[in-house]
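Asker: dropping the sequence and predicted coords here.
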Amino acid sequence: LVEHPPTITLGSKAHPDHLLVPVEQLAMQGVTVVRCDRGGGVTYHAPGQLVAYPIFKLSQHGGDIGKYLRGLEESVIRVLSDYGLTGERVDGLTGVWVRNGAAKICAIGIKVSAGGVTTHGLALNVNPDLRGFDLIVPCGVRGRSVTSMAVELGEAPAMGAVSERLIDHLSTIFALAPVAAVAGEREALFTAETRSTLTDG
């Protein structure tokens, strides 16, 4: 679980027209643009957005990519429910939405290796600066807005609490047993290379 600095990622289905500001201008604004090998289109990451990178051997979780994606969505839907929000799926689109599909609150973009190992993951908008999404056509979807838990609730929930709830729900859905990291181990796991590897779409 991480929060990234202002970054736009371009997935395998990213279209050049979905980046609304030239890369040079984005760089001047402190926004990095990264092409990555996940599925999906263009999305935005920033502090206040909870990004999760589940690394699973898919064969140990049913071997069904569609079911895996639905499981990621369900984990977020349950987190939102914990806060009194109704998260929804939209037919033909990936991610989690609110307000009858009018606004996206969580983007999902994954990759599954030839060996069946998952990478990339989900990005839940807890309390990021949503103006960053004005720089792109989020996931190539026009006519729908992007929102956050803070906007929907009227106040920002604590990131730590949201993180714990996400871990709990992922663990339940995928039959996992969380193990607390010893102080220092967590930081050691996130090398500079890992921190620079981004998600979503």
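Answerer: Received it, and whenever you're ready, just let me know what you need.

Asker: contact partners for the nearest residue in space to R99 that is not next to it in sequence?
Answerer: Spatially, and ignoring its direct neighbours in sequence, R99 is nearest to T147 (7.6 Å; Cβ to Cβ, 6 or more residues apart in numbering). All C-beta spots, glycine's among them, are computed from the backbone N, C-alpha and C. Residues counted as contacts of T147 (Cβ atoms under 8 Å, 6 or more residues apart in numbering) are V98, R99, A103, K104, I105, N125, L130.

Asker: any idea of the pLDDT on the last one?
Answerer: It refers to L130. pLDDT, L130: 97.

Asker: tell me where the protein has helices.
Answerer: 23-28, 65-82, 149-153, 159-173, 185-189, 192-195 (DSSP state H).

Asker: nearest to D91, out of those?
Answerer: Checking these against D91 by Cβ to Cβ gives helix 65-82 as the closest, at 12.6 Å.

Asker: and that closest one, what does it pack onto?
Answerer: strand 96-98, strand 103-112, strand 118-125, helix 159-173 (3 or more Cβ pairs under 8 Å, 6 or more residues apart in numbering; DSSP states H and E).

Asker: quick one: distance of the second one to the chain centre.
Answerer: The reference is to strand 103-112. Its chain's average C-alpha position is 5 Å from that of strand 103-112, according to Cα atoms, centre = their mean, to the nearest Å.
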